[in-house]
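Q: Build me a structure from this.
(2 chains, ligands or ions: 2)
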Amino acid sequence: MDPITFLTQILAPALWKGLIVTVALVVLTAPFGLLLGTGLALGRQYGGRALSTACSGYIVFFKGCPLLLLLFILYFGLPSLGLTLPAFTAAVIGFILCNAAYNSEYIQGAVASIKDGQMTAAQALGMTRAQAIKSIILPQAMRRAIPGLSNEFIYLIKYSSLAYMITVVELTGAAKIAATRYFMFNESFFAVGIVYLALVTLTTYAVGRLEQRVAIPGMGVKT
Amino acid sequence: MTGEYILRVEDIHKKFNDREILRGISFNVKKGATIVFIGPSGTGKSTLLRCINQLTEPDRGKVFLDDEEITGCGSRISGYRQRIGMVFQNFNLFDHLTAVENVEIAPIKVRKMKKEEAHAKAMEELHRVGMADWAHHYPAELSGGQAQRVSIARCLAMDPEVILFDEPTSALDPELTREVLEVMKDLARSGMTMLVVSHEMGFARSVATEIIFMEGGRIVEQGSPLEIMNNPKHPRTREFLGRIEHT
Ligand SMILES: Nc1ncnc2c1ncn2[C@@H]1O[C@H](COP(=O)(O)OP(=O)(O)OP(=O)(O)O)[C@@H](O)[C@H]1O
Ligand SMILES: [Mg+2]
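A: Ligands and ions are numbered 1, 2, ... in the order given. Prediction:
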């Protein structure tokens, strides 16, 4: 088969399907990873000793555990304990658990960087700690965490390819399958590389726009 | 004694790491009074103010607001803090909010006031401190004096019964100090009850109803501005006043 026919007739439709799966993995993971990451950061920063130790333990564990191993446990290991997850679900859960651990580090760093006076002033006005965290601390901390969180989001786009190792045919998997069947390795992997590059570029652009939209004078992100 | 005093402070003690910072402070505040606290650095003036609204929990002693005990009241403290404003040396404006948002956020989030109502109230308070034209600027775009005036407006928007000022002008140069003191004088004259830690003796002379000199965690001497400034009884007070007048 000539390369042009391969690219247009075989690879393009396959990558399109793979792209949809990759985007679905990322889009389902990111919000929950952010939510869980925020919870972990707040638990560690403001929780009592038990809660903050539990959150730190979680972070150490999931940062230490290779993601691929985590996916294998969720997909191949859990069935023997009586819990069988569809491959896609197992991948999303694994990604969320891992993504949250890294997100929480960025968020906690940002929370810790907010001056004590902000919390003091909020409490002096009659806000509870919870109100102060929600209305005063997090809006400031999240802005500062954007660069870190967006890097993590970009990693997520790339490591979502690990889902293929537990049979989820996403972008990389789709390229691998087409490449093997038609013996067109360079064409396939070069093409899929361009798709990832496009995704990452798009994300970088979107993050730049977001940063501009939420920018506040004097609250520029310190690097 | 019921009803006579808006705020009563009884025998407050506070230790930090075994170091006694407050060693039994008691005083009463009548409605509309302006009490100015003076004393050397590290004497516990800030700690005392923070013990009043329980940002710092005293080890011993009681604080009463309108005859309700606010020490050891648990989660009800947020309710009392709404009635006791606080102004800080470093302003502590919320960096992510504009001036008017800084002023309206507590009425909205804490008092559950409607947004439009809170906004109108916030604009009124900004007007009162001469900052209405700066309503849509962020803290980083304000001078220190302007920021402090916004932080006073932020207090006023909660309709407090008492305001605590912790060295509100000591981060400001003389020009900016003056504009903040003017606002505070107006407040004092309008009948606001104020506890002010400050070494601005001109301010104390013109509006204080009482000056309290603290040293080493104790009240050394208290009295009217005339008594304290012109005729201090305690040698420590005399010495301290001599020192601050020469700086
Ligand atoms: N949270 C804290 N933990 C430990 N020590 C503290 C704490 N807060 C205050 N201190 C100590 O208590 C002492 C009194 O502090 P405080 O700030 O109340 O004094 P001050 O009279 O306000 O002094 P200044 O004029 O410098 O503001 C200081 O030595 C300070 O280091
Ligand atoms: Mg102080």
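Q: alpha carbons only for contacts and neighbour counts from here, please
A: OK.
Q: element containing the residue lying closest to residue A:103 once chain neighbours are set aside?
A: Excluding the flanking residues, the one nearest residue A:103 by C-alpha to C-alpha, 6 or more residues apart in numbering or on different chains is residue A:37, at 5.1 Å. Element membership for residue A:37, per DSSP states H and E: helix A:12-46.
Q: starting at the chain centroid, how far to that helix?
A: Between the centre of helix A:12-46 and the centre of its chain there are 5 Å (C-alpha atoms, centre = their mean, to the nearest Å).
Q: Can you name every helix or strand that it contacts?
A: Using 3 or more C-alpha pairs under 8 Å, 6 or more residues apart in numbering or on different chains; DSSP states H and E as the contact test, the elements touching helix A:12-46 are helix A:49-64, helix A:87-113, helix A:138-159, helix A:171-182.
Q: any idea how far the longest one is from the chain center?
A: So the one you mean is helix A:87-113. 6 Å.
Q: Give me the next element, helix or strand, following it.
A: helix A:116-124.
Q: hang on, the earlier thing: what's the most buried one of the helices and strands packed on helix A:12-46?
A: helix A:87-113 (a mean of 22; mean count of other C-alpha atoms under 10 Å in any protein chain shown).
Q: Give me the mean pLDDT for it.
A: Mean pLDDT, helix A:87-113: 97.
Q: and the longest helix for chain B?
A: The helix that spans the most residues within chain B, counting by DSSP state H, is helix B:174-189.
Q: contacts for it?
A: B:32-34, B:129, B:144-146, B:148-149, B:169-170, B:194, B:203, B:207 (C-alpha atoms under 8 Å, 6 or more residues apart in numbering or on different chains).
Q: Which parts of it count as buried, going by neighbours?
A: Residues of helix B:174-189 classed as buried: B:176, B:177, B:179, B:180, B:181, B:183, B:184, B:185, B:187, B:188 (neighbour count, 16 or more other C-alpha atoms under 10 Å in any protein chain shown).
Q: near chain B, anything from stretch A:113-127?
A: Yes: using C-alpha under 8 Å from any C-alpha of the partner chain, stretch A:113-127 comes into contact with chain B via A:117, A:118, A:120, A:121, A:122, A:123, A:124, A:125, A:126, A:127.
Q: which residues sit against that stretch?
A: Contacts for stretch A:113-127 (C-alpha under 8 Å, 6+ apart): A:128-129, A:132-133, A:136-137, A:140-141, B:53, B:55, B:77-82, B:84-86, B:92-94, B:106, B:109-110, B:155, B:158.
Q: what do you get if the cut-off is 7 Å, keeping everything else the same?
A: A:129, A:132, A:141, B:78-79, B:81-82, B:85-86, B:92, B:94, B:106, B:110 (C-alpha atoms under 7 Å, 6 or more residues apart in numbering or on different chains).
Q: start to end distance for that stretch?
A: Terminal residues of stretch A:113-127 are spaced 20 Å apart (C-alpha to C-alpha, to the nearest Å).
Q: From the chain's centre, how far out is the helix or strand containing residue B:116? Work that out for me.
A: Using DSSP H and E, residue B:116 falls within helix B:115-128. Distance of helix B:115-128 from the chain centroid (C-alpha atoms, centre = their mean) equals 22 Å.
Q: Repeat that for stretch A:191-198.
A: 19 Å.
Q: what does stretch A:44-64 give?
A: For stretch A:44-64, the distance to the chain centre is 19 Å (C-alpha atoms, centre = their mean).
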